[in-house]
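Visitor: Below are the sequence and a predicted model; questions follow.
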Protein chains: 2
Amino acid sequence: MGSGPGGLPTPEWTRGYDRATFSSDWVAALIVTLMLIPQSLAYAALAGLPPEVGLYASIAPLLLYAAFGSSRVLAVGPVAVVSLMTATAIGEFAQAGSPAYWTLAITLAFISGAMLVLMSVLRLGFLANFLSHPVISGFITASALLIAAGQLKVILGIQVEGHNFVELVMGLVRQAPHTHLLTASIGLGMVAFLFWARRSIKPLLIRLGLGPRLSDGLAKAAPIGGIAVTALLTWAGQWHSLGGVRIVGAVPQGLPPLTLPSWDSSIWQQLAVPALLISVVGFVESVSVGQTLAAKRRQRIEPNRELLALGASNLGAAMTGGFPVTGGFARSVVNFDAGAQTPAAGVLTAVGILLAALLLTPALYYVPQAALAATIVVAVMSLVDLRILRSTWAYSRADFSAVIVTLLVTLASGVEAGLVAGVSLSLALYLFKTSRPHIAEVGLVAGSEHFRNVLRHQVSTSPQLASLRVDESLYFANARALEDRINALVASRPELKHLVLQCSAINDIDASALESLEAIDHRLRDAGLRLHLSEVKGPVMDRLQRTGFLQHLSGKVYLSQFQAVKELAPEIVGQSNRPIEGVSG
Amino acid sequence: MGSGPGGLPTPEWTRGYDRATFSSDWVAALIVTLMLIPQSLAYAALAGLPPEVGLYASIAPLLLYAAFGSSRVLAVGPVAVVSLMTATAIGEFAQAGSPAYWTLAITLAFISGAMLVLMSVLRLGFLANFLSHPVISGFITASALLIAAGQLKVILGIQVEGHNFVELVMGLVRQAPHTHLLTASIGLGMVAFLFWARRSIKPLLIRLGLGPRLSDGLAKAAPIGGIAVTALLTWAGQWHSLGGVRIVGAVPQGLPPLTLPSWDSSIWQQLAVPALLISVVGFVESVSVGQTLAAKRRQRIEPNRELLALGASNLGAAMTGGFPVTGGFARSVVNFDAGAQTPAAGVLTAVGILLAALLLTPALYYVPQAALAATIVVAVMSLVDLRILRSTWAYSRADFSAVIVTLLVTLASGVEAGLVAGVSLSLALYLFKTSRPHIAEVGLVAGSEHFRNVLRHQVSTSPQLASLRVDESLYFANARALEDRINALVASRPELKHLVLQCSAINDIDASALESLEAIDHRLRDAGLRLHLSEVKGPVMDRLQRTGFLQHLSGKVYLSQFQAVKELAPEIVGQSNRPIEGVSG
């Protein structure tokens, strides 16, 4: 960033900004604005907040992200999963729709924003890495199912209470006979229209002779078109009073209010963990969207600047009556596809939403809630990815169990428990895996200088010399596994005189593992054997040299396993001269 | 194990048991018995239990370990650190010395034994590996300091209360003017005698013409000799009534009682965590002693059988009025040095202690408590190892911080908090370290087929090709670090066409990392680059082949980094023919 007038930072993209770039940006902004208006209302409803709060949460965050963010096309605002997490976090402490509830949402956005800024300052962005891909997949799919089940009651016009997926589904089944037919017609009709529009509207418009760019833009506006049609029908038929269809109702017209979070420390304590989870989930979602889009134009995003920008966006949301926000996938892709070149597109989108908040809210009066719920259901169903179950099952049981546990715990006990269970399980499985390193006894491939697993290959070995290759860094959790393996080997081979550890895959040795190596060396010496090392990596060697280990080692350190064997068991070298390919592994 | 009469298991060492072996075993048993009598009384006092409980805890456990254990020389019974942990665990819930307190100790041994047996059945012995060497060192040193500080008040004959090391030391300083001089003379005299005896008694006896074996045995009996002398003096001077010296007093004479744990579920809940910590600490201590001694005779111990044997020992302790036990370092080394050949030595030791419980207890009446405390102080001071601070500081800051945090938290907040803090910190540091893998850009060493870090070595590179070597397995916590690194590289090198990942140090790729590799590949393709892999290990390759990754990969998989470069950037191969040494790293 440079420095502009008044000391404010001037992002680099402002240099060389011209008419052509502006033209691209405003077209993109228009399309995104049309898409965001119904989405903002819908996600506010999902979070249990009044509809205008969704608009507020889409203005300041877009401006602040444009000022601080490193992605040129990321669009920040309310998203489905974070809205659900918001509802879960504050639903315990206040009644949805009440002023206290809104204050809690503002406070949650504030804490989350402060945490993100702090993570940026302390460079703690790597914490997000502990949300593994299987955990995120399971979590997003489960959240989407929870959201869809929750919105179905709005679509059907029935009352259902449930704290988990099973309760929600059971409630829907029990209450299904009480379905409000007119509401359900609007809701299910909208769902059908949106699914149809997503697939078919663009090809249809192209066939009708419109250009592909315009057709695409109009296809993106299908949700707002559908919302407008249902609102018009509701107004014309007075369905809200005559037919009992629930509508959005009066939405205040005006600028976003200036708001402050609650400073009650007990509230902060209650919201700290949810805010942390929202921060991390929002950051992961936003960064992965940003990276994917940046790479398409060979640009780059800086994770640390993203933390700052998302933090500022959430603080901004908190101070203008909004709720937790992050970079959304759908809106960012639309922004990118619509040709946005710079963050000015975000600024223009913010202006568009601001105009909607100032001028359009009376037109929202007749929008049926079922139509908004339909846009949510259609949006979140694209997040459901059950193929991950099959693909992780095929790839690794550990990853599969992380997916399925996160998915099931989220469905059964909610978003927070699901995330915590998934992260804990994946860490435990990783530690378990590294605590049982793959240790192969290797032998010389005849006629080469290569060593391979004696169990997999035809190799030469000596009864007096054993070569072990450890395929893992040595640290406290696996050091004793190596001791056990060597103890077993030595106890079973009375004729053994030399043991060589091939260290080519050992990237680190911690103090516990060093202690184990010393213990191994002492025990081998007591038993009349010598311990040698080969192919020790540079950084590991540097560290070992800072201790007395190498001086006291009963054997030697060889540059290669072949040199070790040539010196210690020359009889097995050159037994055969059959040449083989130089494959490692 | 075979099967003997009545279906009981017959350990393998019973075959070929002869008179010579028996002779070795009973000499060892005699020496260990003489050593164990004062130690058992002292550790019972340390645990806050009546002295006879120490004897009880040394009988059944020795017999059960002999039946189930895999070490031939391990001696099981009360040890210092576990006794301290016992006092800490149950001190909260009952008054030391009360019948309720004893029941809690029995229950703790029972739960701990049940957990060990369960860990054996479920093969969970690897859990003990998560107690890293730095954590154990810091913990043992801090425990020893806590024990010594606690025993000093007994030696000085003063009353001090304190919940942590600082409070204990402050209390000792404050109460020092009230020192009971006769008690302190006995206690400090005994400390001085024991330190002198440990170093000088054996050489002295040898100089006096005794054989080295006998001298060694007599040196081992120094504590019981000292105890006997102080008891005689106390009896002769009637110091307990006239001089106010605290004595052991009446010790019941007889067989260990048959006891049962409390079945109160709230007590089990309170004791579950302490019992788990005692189990793991006891197991780690016991296995490391057992392994060290087994290796000296080229024998082997089986960690899983050790879990079972220690579990049985603790269940046995619980059913015969004892408290938590484990394999002790000092007594096992004495047993080994005294020539014990088989677990029969343990059986004979148990008989010796049983005879002491039946016959000797009246003789214990006059033993001054200060003399017992002196034996504890001298025993635990050998556990204090502050050199570990300097050595881990030199070796690695992560290991050093694990030592110092465990040490300080144990001193400040007690044994349980110390262990939990140490284990949590070492896991967090390990995860932090692996989440930031070492990724080196490598180039070709001229005239060779070797690749080295471009920052450390003079190597050939091409502007169109970048080679990265990742020195860590790829998993969820570090996959995005690789993405970031590659994004930065590609953004900074507009002329780049090929990226080769040298995978020689990648021992595993999990589903998150695979996802990242796919994302990297897509982004590189979008940016007009190709991603290649080289030197992929067999098991990693097997797993990748189960996915579509290799089919969709924009580039190729090469057997060696050299082959990749020869094909992709032939101009840098053969620029020079200067031969160099074949060092890896």
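Guide: Looks like it arrived, so ask away.
Visitor: Residues of the stretch 351-500 of chain A that sit close to chain B?
Guide: Residues of the stretch 351-500 of chain A lying close to chain B by CB under 8 Å from any CB of the partner chain are A:391-392, A:394-396, A:398-399, A:426-427, A:430-436, A:438, A:456, A:471-473, A:475-481, A:483-484, A:487-488, A:490-491, A:494. Backbone N, C-alpha and C define where each C-beta goes, glycine included.
Visitor: from those, which would you call buried?
Guide: The neighbour count (16 or more other CB atoms under 10 Å in any protein chain shown) marks A:391-392, A:395-396, A:398-399, A:426-427, A:430-431, A:433-435, A:471-473, A:475-481, A:483-484, A:487, A:490-491 as buried among these.
Visitor: which other helices and strands contact the helix or strand containing A:L419?
Guide: A:L419 is part of helix A:415-434 when elements are defined by DSSP states H and E. Secondary-structure packing of helix A:415-434 (3 or more CB pairs under 8 Å, 6 or more residues apart in numbering or on different chains; DSSP states H and E): helix A:80-91, helix A:133-156, helix A:265-296, helix A:397-413, helix A:476-492, helix B:415-434, helix B:476-492.
Visitor: and B:K202, which of those is closest to it?
Guide: helix A:476-492 (31.3 Å; CB to CB).
Visitor: then that closest one to PDB, C-alphas only?
Guide: C-alpha atoms of helix A:476-492 as PDB (Å, rounded to 0.1, in the frame of the first residue of the first chain):
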ATOM      1  CA  PHE A 476       8.700 -37.900  21.700                       C
ATOM      2  CA  ALA A 477       5.600 -39.800  20.600                       C
ATOM      3  CA  ASN A 478       7.400 -42.300  18.400                       C
ATOM      4  CA  ALA A 479      10.900 -42.500  19.900                       C
ATOM      5  CA  ARG A 480       9.900 -45.400  22.100                       C
ATOM      6  CA  ALA A 481       8.400 -47.200  19.200                       C
ATOM      7  CA  LEU A 482      11.900 -47.200  17.600                       C
ATOM      8  CA  GLU A 483      13.400 -48.500  20.900                       C
ATOM      9  CA  ASP A 484      10.900 -51.300  21.000                       C
ATOM     10  CA  ARG A 485      11.600 -52.200  17.400                       C
ATOM     11  CA  ILE A 486      15.300 -52.300  17.900                       C
ATOM     12  CA  ASN A 487      15.000 -54.200  21.200                       C
ATOM     13  CA  ALA A 488      12.900 -56.800  19.400                       C
ATOM     14  CA  LEU A 489      15.400 -57.000  16.500                       C
ATOM     15  CA  VAL A 490      18.400 -57.400  18.700                       C
ATOM     16  CA  ALA A 491      16.700 -60.000  21.000                       C
ATOM     17  CA  SER A 492      15.800 -62.100  17.900                       C
END
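Visitor: tally of neighbours for the residue nearest to A:A272 when sequence neighbours are not counted?
Guide: Closest residue in space to A:A272, ignoring its immediate chain neighbours: A:I111 at 6.7 Å, by CB to CB, 6 or more residues apart in numbering or on different chains. With neighbours defined by other CB atoms under 10 Å in any protein chain shown, the count for A:I111 comes to 25.
Visitor: so A:I111 makes contact with A:W268?
Guide: Yes. Counting by CB atoms under 8 Å, A:I111 touches A:W268, with 6.3 Å between them.
Visitor: if we can go back for a sec, for the helix holding A:L419, list the C-alpha coordinates in CSV.
Guide: Extracted as CSV, the C-alpha positions of helix A:415-434 are listed here (Å, rounded to 0.1, in the frame of the first residue of the first chain):
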residue,chain,number,x,y,z
VAL,A,415,-22.0,-26.5,14.9
GLU,A,416,-19.7,-25.8,17.8
ALA,A,417,-19.6,-29.3,19.1
GLY,A,418,-19.1,-30.6,15.6
LEU,A,419,-16.1,-28.3,14.9
VAL,A,420,-14.5,-29.1,18.2
ALA,A,421,-15.0,-32.9,17.8
GLY,A,422,-13.6,-32.8,14.2
VAL,A,423,-10.5,-30.8,15.1
SER,A,424,-9.8,-32.9,18.2
LEU,A,425,-10.2,-36.2,16.3
SER,A,426,-8.0,-35.1,13.4
LEU,A,427,-5.3,-34.0,15.7
ALA,A,428,-5.5,-37.2,17.7
LEU,A,429,-5.4,-39.3,14.6
TYR,A,430,-2.4,-37.4,13.3
LEU,A,431,-0.5,-37.8,16.5
PHE,A,432,-1.5,-41.5,16.6
LYS,A,433,-0.2,-42.0,13.1
THR,A,434,3.1,-40.3,13.7
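Visitor: And the contacts of the helix or strand following that helix?
Guide: Next along the chain after helix A:415-434, taking DSSP H and E as the criterion, comes strand A:439-444. Strand A:439-444 has contacts (CB atoms under 8 Å, 6 or more residues apart in numbering or on different chains) with A:450-455, A:457, A:459-461, A:466-471, A:481-482, A:485, A:489, A:502, A:561-562, A:565, A:572-573.
Visitor: I'd like to know which of those residues are buried.
Guide: Buried members of the contacts of strand A:439-444, counted by 16+ other CB under 10 Å: A:450-454, A:459-461, A:466-471, A:481-482, A:485, A:489, A:502, A:561-562, A:565, A:572-573.
Visitor: Which ones among those lie within helices?
Guide: Under the assignment DSSP state H, the buried ones among the contacts of strand A:439-444 contribute A:A481, A:L482, A:R485, A:L489, A:Q561, A:F562, A:V565 to helices.
Visitor: burial measure for A:E495, as a count.
Guide: If we define neighbours as other CB under 10 Å, then A:E495 has 7 of them.
Visitor: got it, and A:K296?
Guide: A:K296 - counted by other CB under 10 Å - has 15 other residues nearby.
Visitor: Could you say which helix or strand holds A:T392?
Guide: Going by DSSP H and E, A:T392 is in helix A:387-395.
Visitor: from the chain's centre, how far out does that helix sit?
Guide: 18 Å (CA atoms, centre = their mean, to the nearest Å).
Visitor: helices and strands around that helix, which ones?
Guide: Applying 3+ CB pairs under 8 Å, 6+ apart, we find helix A:387-395 packed against helix A:133-156, helix A:397-413, helix B:511-526.
Visitor: Keeping just the C-alphas, turn the last one into PDB.
Guide: The C-alpha trace of helix B:511-526 is given here as PDB (Å, rounded to 0.1, in the frame of the first residue of the first chain):
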ATOM      1  CA  ALA B 511      -6.700 -35.900   2.200                       C
ATOM      2  CA  SER B 512      -6.300 -32.200   3.100                       C
ATOM      3  CA  ALA B 513      -2.900 -32.100   1.600                       C
ATOM      4  CA  LEU B 514      -4.100 -34.000  -1.500                       C
ATOM      5  CA  GLU B 515      -6.800 -31.300  -1.800                       C
ATOM      6  CA  SER B 516      -4.200 -28.600  -1.500                       C
ATOM      7  CA  LEU B 517      -2.100 -30.300  -4.200                       C
ATOM      8  CA  GLU B 518      -5.100 -30.500  -6.500                       C
ATOM      9  CA  ALA B 519      -5.800 -26.800  -5.800                       C
ATOM     10  CA  ILE B 520      -2.200 -26.000  -6.500                       C
ATOM     11  CA  ASP B 521      -2.300 -27.900  -9.700                       C
ATOM     12  CA  HIS B 522      -5.500 -26.200 -10.800                       C
ATOM     13  CA  ARG B 523      -4.100 -22.800 -10.000                       C
ATOM     14  CA  LEU B 524      -0.800 -23.400 -11.800                       C
ATOM     15  CA  ARG B 525      -2.700 -24.700 -14.800                       C
ATOM     16  CA  ASP B 526      -4.900 -21.500 -14.800                       C
END
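Visitor: can you list contacts of it?
Guide: Contacts of helix B:511-526 (CB under 8 Å, 6+ apart): A:132-134, A:288, A:291-292, A:295-296, A:298, A:391-392, A:395-396, A:399, B:474-476, B:478-480, B:482-483, B:486-487, B:490, B:499, B:509, B:530-531, B:544, B:547, B:549, B:552-554.
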